[in-house]
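Engineer: A predicted structure for the sequence below; I have some questions about it.
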Amino acid sequence: MEQRQKILIVDDRRENLVALRRVLSRLDADLIEATSGNQALAATLDHDFAVAILDVMMPEMNGYELAEHLRRDQKTRTIPIIFVTAFCADERHMFDGYAAGGIDYIVKPYTAEVLLCKVNLFLELDGYRQELQRHRDRLDDLVRERTAELSARVNEIRCLYAISNLVAAPCRSIQKALEQAVALIPQGWRYPEIAWARIIVGADEFSTANFQDTPWKQRADIVLHSDRAGLVEVGYLEERSGPHEGPFSEEERSLLDDIARQLGVLIERERIRTRERHLNAVLRSIRDINQLIVHEKRPSALIQGACDSLVASRGFSGAWIVLNAGSTGEMQGACAGFEKRLFEALLEPLRTGKMPLCCRLSWNAGGLAVVDSPRNDCRGCPLAQVYTGNAAMNVPLQYDDLVFGYLGVSVSKAFAADPEEAFLLSETAVDLGFALHTMEVEAARQRSERFLQTIFQTTSDGLLLAEAESGRFVMANSMICKMLGYRDEEITTIGVADIHPPELLDQVRSQFEKQLSGQFTLAEDIPVARKDGSVFPADINAAPLELEGRRYLLGAFRDVTRRKMAAEECQQLQNQLLQAQKLEAIGRLTGGIAHDFNNLLTTMLGNAELALAEMDINDGLREMIQEVMGAGERAASLIRQMLAFSRKQVLQPEVIYLNHVIGEIDKMIRRIIGEDIELKAILDPDLGPVEADVGQIEQVIMNLAVNARDAMPRGGMLTIETLNVDLDEVYAGMHVGSTPGPYVMMAVNDTGIGMTAEVRDQIFDPFFTTKEKGKGTGLGLSTVYGIVKQSNGLIWVYSEPGKGTAFKIYLPRIIGTVDSKEERSKPVKETLDGDETVLLVEDEDMVRNLAIKGLTMYGYQVLGAADGPAALRICQEHEGAIHLLITDVVMPGMGGKVLADRIKLLRPEVKVIFMSGYTDNTIVHHGVLDKGLVFLEKPFTPVGLARKVRQVLDGSVKGGEGQGKPLLDV
Ligand code: ADP
Ligand code: MG
């Protein structure tokens, strides 16, 4: 608002003032009058004057002095001064006026127009000056305002700059950076002294020391990729007015937004850095796991190592792996960063097939699954609490469609959603799955290789793999090495040519060629040479095969030596069986013939004997009858031989002296060996007795003598020696089958051709003979052996080719009192007569009649019966005593043994004599007469019968009397 201009008029004279007023009132200005200099100065304090009109000549203070005062004062110095004076034309005087600050002079008397014009000019000038001043002031204000604004901007920029610096500063902890940032923020605001600031990022909060949540505040979100990551706030402690919203300016709003953006960058960079660090860690652990995969062979060690490295590299807070019970049948687990105890608790339900949530999710997804908050979501899982604020990631360890197990990790939630993270973990799972698959395949391969190796090595066939081209062996099992006599490592240094006799190699090769071409597989009876040169026959089953582009022949060798031997043995057995069957048939035939023959001979010989007894001593017919008897005896002997050969002879052991037996057959031996061979007997005079069948012992001696004769075709010496010996433990230890004790030794030595060891080993085998067909039967020594064994004796042979042969027979010597046959059979006078009642049972009429006739002749009362029932009837009906039963053993219907047993029931006191032409199982076992039985061999004569009857009735015979003569296998 523009004020009216003021004019100061000073004159000590009132009329002058009035005159001035009159003139000046025409101007559009206020007039302020003063009558003295002091009054004027006082007026300047209250008013601003556009122009001052001063009288020069005034008392106290003249116009010039007043002007000087005005000029000195800041407020008044620029007021234009016009002097009004009566003095004129005095130039000095005028200069004084100008010097004092006057601008103009008006000399009295003045015209009003001049005054008015002059004052008006100055008013106009002042008007201009004032406007100028106003302009300047406005300019000043503007400058001031702009300057303040600018300094506020500078503060804002400084603040933002400082925060940007913080953000840009390399590698510092985000916490520190945010702490510093929050302290910097108030500086950017208009009233920093009352400003507070606060930053909230996730769970973290940073604020200035003076923070109070006041109502005068503004806030901005920290946004990362359109997600709110946090917020930043600025506020005042007191209320302030501001140009825009609340107390804050537009610029401050945008500053806060800028700061929020900067903090976003900071947080983002930190996140990237942590993520980078984390991913690096994960990569490191993946690298470690890959190393493990390359080197580790055991699944348990692999999964433990994998867990360890996932945690050790700081990628994950915890890691665990469970493997399904695969081929091992046992579920395996490993963990790191978790307490073992808790992990074990997780395994328990898994073993029973209960899968935890994370596994279920990943199984369903067929890949990675994330549980954001296991703490809340995984109820019942023993590990749930261990995850604390982390997320759980789980991924199946699989290869193709096979799931081997699960990998679970505990990881910061920030990373759980990261696709890269998911990718890396899935990759790890794929690698582990592949490794587990490889291990399983490898284990299976090794198992099957072990199986194959074991089968290859333990198969009973020898296996050889030969290269077709070169014939070299490239692989062999232990069996073939053993067969061929090579060490395992030697076998691959040789080839086909080394294991077949050179002369047969071409033939063998042509067989292999056929096998290679697939014409046949089995080559039979191929001669194979051992390392030591010995050759064995083998069947070689071979098949051609191709390995890595080369042709091979795989041969299975079977040593057929045994089979061949077995075949030969089988042939031999077959022969023996045939022989045995032949003998059996002969035996049966012989038995039948002998039975009838002996009955016939008994009749013939008996009647001849009776006839002879009736005849006169000089009767010319006697000689003829004796001839008949001689022929009959020879026939009887022949029958006996046949029985011996067919083993139908009845054996009757008794106590005998070998010297005596040898003496008895001495003549016969001499007859057999002929004149070219000298016989020498060296007999121990004190030789002890033995228990044996005389006939058998004779048979033994005769057989040995015959063999000796055959061994000495050009003569020599046959020695028979007897000796008492005691075999000790040492001897028994060295000779199989012998027991220590007293023995009688009989040695039969010759100076003949001797035997090879091979022959010696077989001589006791039945049918073994080295003699030409028709000469030897091979039964001699086997009979000897059987007899010696039957008599509890031992037999040894000593022989070498060209050095003669010695047979030594040991029979157990009887110690103590001896009831010998010699003593018994030398009665002073033989009495054959008797009057006892004898029941004679014989189905053959002629034999029965002869026996009755003979016994009646000696005075016995004889009751005859043709069969068992008739005999029993007689026993029941006969009134008197029956002393003796004589019964044939073999009869149609009831046999002799049964009859005797039944008669014993009726008449227990009756004595029994059995008679037979050959053995029958009812009274003998293995050819030996049952103990306590008395046996009379057919054919017999009336004298022989009467003698037996008398002996039995007198009780001098307990066993049967052996009447057999030695039989030879000649
Ligand atoms: P055989 O006399 O019918 O051949 P043996 O059983 O009596 O049957 O004898 C079997 C074999 O034992 C004879 O073929 C012969 O080779 C051998 N042998 C027996 N005794 C002698 C001996 N004193 N000297 C040499 N070899 C003998
Ligand atoms: Mg013989």
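Structural biologist: Thanks, I have the structure now. Ligands and ions are numbered 1, 2, ... in the order given.
Engineer: have a look at this structure and report its longest helix.
Structural biologist: Longest helix of the chain, by residue count under DSSP state H: helix 112-168.
Engineer: that one packs against which elements?
Structural biologist: Packing partners of helix 112-168 (3 or more CB pairs under 8 Å, 6 or more residues apart in numbering; DSSP states H and E): helix 14-24, strand 51-55, strand 81-85, strand 102-107, helix 174-184, helix 250-295. C-beta: built from backbone N, CA, C; applies to glycine.
Engineer: could you redo the last one with a cut-off of 10 Å?
Structural biologist: strand 6-10, helix 14-24, strand 51-55, strand 81-85, strand 102-107, helix 174-184, helix 250-295 (3 or more CB pairs under 10 Å, 6 or more residues apart in numbering; DSSP states H and E).
Engineer: quick check: buried residues in the fourth one?
Structural biologist: Neighbour-count burial for strand 81-85, counted by 16 or more other CB atoms under 10 Å, picks out 81-85.
Engineer: and if you look at the second one?
Structural biologist: With burial defined by 16+ other CB under 10 Å, the residues of helix 14-24 counted as buried are 16-17, 19-20, 23-24.
Engineer: state the mean pLDDT of that helix.
Structural biologist: Mean per-residue pLDDT for helix 14-24: 90.
Engineer: lowest-scoring secondary structure element of the chain by mean pLDDT?
Structural biologist: helix 821-824 (a mean of 44; mean pLDDT, DSSP states H and E).
Engineer: any idea which helix or strand comes after that helix?
Structural biologist: On the C-terminal side of helix 821-824, the closest following helix or strand by DSSP states H and E is strand 837-841.
Engineer: near ligand 2, which residues of the stretch 701-850 of the chain?
Structural biologist: 707, 780 (CB under 5 Å from the ion).
Engineer: low-confidence ranges, the stretch 151-300 of the chain, go.
Structural biologist: 171, 242-246 (pLDDT under 70).
Engineer: I'd say V889 and N598 touch.
Structural biologist: No: with contact defined as CB atoms under 10 Å, V889 and N598 do not form a contacting pair (11.6 Å).
Engineer: ok, now which ones touch the residue in the stretch 801-950 of the chain that ligand 1 sits nearest to?
Structural biologist: For the stretch 801-950 of the chain, the residue closest to ligand 1 is T805, as judged by CB to the nearest ligand atom, at 3.8 Å. By CB atoms under 10 Å, 6 or more residues apart in numbering, T805 lies in contact with 704, 707-708, 711-712, 748-755, 760, 763, 797-799.
Engineer: where do the helices sit along the stretch 551-700 of the chain?
Structural biologist: In the stretch 551-700 of the chain, helices defined by DSSP state H, counting those that start in this stretch lie at 561-614, 622-645, 658-673, 694-711, listed in chain order.
Engineer: single out the most deeply packed of these.
Structural biologist: With neighbours taken as mean count of other CB atoms under 10 Å, the helices of the stretch 551-700 of the chain reach their highest mean count in helix 694-711, at a mean of 23.
Engineer: measure the most centrally placed residue in the chain to V441 for me?
Structural biologist: For the chain, the residue sitting closest to the mean C-alpha position, by CA atoms, centre = their mean, is R447 at 7.6 Å. As defined by CB to CB, to the nearest Å, R447 lies at a distance of 11 Å from V441.
Engineer: and if you look at P419?
Structural biologist: From P419 to V441 the distance is 32 Å (CB to CB).
Engineer: and stretch 225-234, which residues are buried?
Structural biologist: Of the residues in stretch 225-234, those buried (16+ other CB under 10 Å) are 229-234.
Engineer: wait, I meant stretch 838-853
Structural biologist: Across stretch 838-853, burial judged by 16+ other CB under 10 Å covers 838-844, 847-852.
Engineer: mind checking the end-to-end distance for that stretch?
Structural biologist: By CA to CA, to the nearest Å, the extent of stretch 838-853 from end to end equals 12 Å.
Engineer: just how off-centre is that stretch within its chain?
Structural biologist: Offset of stretch 838-853 from its chain centre (CA atoms, centre = their mean, to the nearest Å): 88 Å.
Engineer: one more: stretch 281-298?
Structural biologist: Mean-position distance between stretch 281-298 and its chain equals 25 Å (CA atoms, centre = their mean).
Engineer: give the contact list for the residue in the chain positioned nearest to ligand 2.
Structural biologist: Closest contact between the chain and ligand 2, by CB to the ion, is at G780 (3.0 Å). By CB under 10 Å, 6+ apart, G780 lies in contact with 699-700, 702-704, 706-707, 710, 763-764, 768-769, 771, 968-970.
Engineer: between the residues you listed, which is closest to R813?
Structural biologist: Taking CB to CB as the measure, R813 lies nearest V700 of the contacts of G780, at 16.8 Å.
Engineer: got the contact list for the residue nearest to that closest one when sequence neighbours are not counted?
Structural biologist: For V700, ignoring the flanking residues on the chain, the nearest one in space by CB to CB, 6 or more residues apart in numbering is V784 at 4.9 Å. By CB under 10 Å, 6+ apart, the residues touching V784 are 696, 699-704, 707, 748, 763-764, 795, 807, 809, 969.
Engineer: spell out the secondary structure type for V784.
Structural biologist: Recorded secondary structure, V784: helix (DSSP: H, G, I helix; E, B strand; the rest coil).
Engineer: and it, what's its pLDDT?
Structural biologist: With respect to pLDDT, V784 has a value of 82.
Engineer: how close does it get to E772?
Structural biologist: Distance, V784 to E772, using CB to CB: 21 Å.
Engineer: likewise D684?
Structural biologist: Taken as CB to CB, the span from D684 to E772 is 38 Å.
Engineer: okay, the two: which has more neighbours?
Structural biologist: Using other CB atoms under 10 Å as the criterion, D684 and E772 rank with D684 on top: 16 against 7.
Engineer: got the contact list for that one?
Structural biologist: Shown in contact with D684 (CB under 10 Å, 6+ apart): 658-659, 721-725, 744-746.
Engineer: try 7 Å this time
Structural biologist: Residues near D684 by CB atoms under 7 Å, 6 or more residues apart in numbering: 722-724.
Engineer: closest one to ligand 1 out of those residues, please.
Structural biologist: Comparing the contacts of D684 against ligand 1 with CB to the nearest ligand atom places T722 closest, at 18.3 Å.
Engineer: tell me the pLDDT of the closest one.
Structural biologist: Per the predicted model, pLDDT is 95 at T722.
Engineer: in its sheet, which strands sit next to whichever strand or helix holds it, and in what direction?
Structural biologist: Here T722 sits within strand 716-727, counting by DSSP H and E. Sheet pairing of strand 716-727 (DSSP bridges) gives strand 677-682 (parallel), strand 741-750 (antiparallel).
Engineer: give the buried residues for it.
Structural biologist: Using 16+ other CB under 10 Å as the burial criterion, the residues of strand 716-727 that qualify are 716, 718-723, 725, 727.
Engineer: contact partners of that strand?
Structural biologist: Contacts to strand 716-727, defined as CB under 7 Å, 6+ apart, come from residues 658-659, 662, 673, 677-684, 686-688, 705, 708, 738, 740-752, 810, 813.
Engineer: quick one: closest of the helices of the stretch 551-700 of the chain to ligand 1.
Structural biologist: Closest to ligand 1 of these, according to CB to the nearest ligand atom: helix 694-711, at 3.2 Å.
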